[in-house]
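Asker: Sequence first, predicted model second:
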Amino acid sequence: MEYFELAENLVFGRQPGRKDMQTLADQGIRTLVNVRMADEEEPELPPDAEREAAHELGMNFVHIPVNAANISDELSGEIHQKLSEARKDGPVYVH
């Protein structure tokens, strides 16, 4: 699975499927952050299923839906805060 390192303990990549999530867990990812809107194209794992799968694999899960219409200083601050908190626990994968 290909992903890009943005900063220490922070990587970015595509929507993971179940096999990808196992790979991420095996590679030490501690938290998954999903920034997709619920009404985007059907992913293999909708946010609720992704949360459940992440927890089964021992990872944390955060869903912060973002699009061009809802981005604001407040939402940007929330994202920054949640990413900062999650990175303290170890590597974070954002998609």
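Answerer: Sure thing, it's come through. Numbering: from 1, shown residues only.

Asker: and F4, that's in a helix?
Answerer: No. The assignment for F4 by DSSP: H, G, I helix; E, B strand; the rest coil gives strand, which leaves it out of any helix.

Asker: For the closest residue to it other than its chain neighbours, pull up the helix or strand it's in.
Answerer: Using CB to CB, 6 or more residues apart in numbering and skipping residues adjacent in sequence, the residue nearest F4 is F12, 5.2 Å away. In short, each C-beta sits where N, CA and C put it, glycine included. Assessed by DSSP states H and E, F12 sits inside strand 10-13.

Asker: Who are the packing partners of the next helix-or-strand element following that strand?
Answerer: For strand 10-13, the succeeding helix or strand toward the C-terminus, using DSSP H and E, is helix 18-26. Secondary-structure packing of helix 18-26 (3 or more CB pairs under 8 Å, 6 or more residues apart in numbering; DSSP states H and E): helix 47-56.
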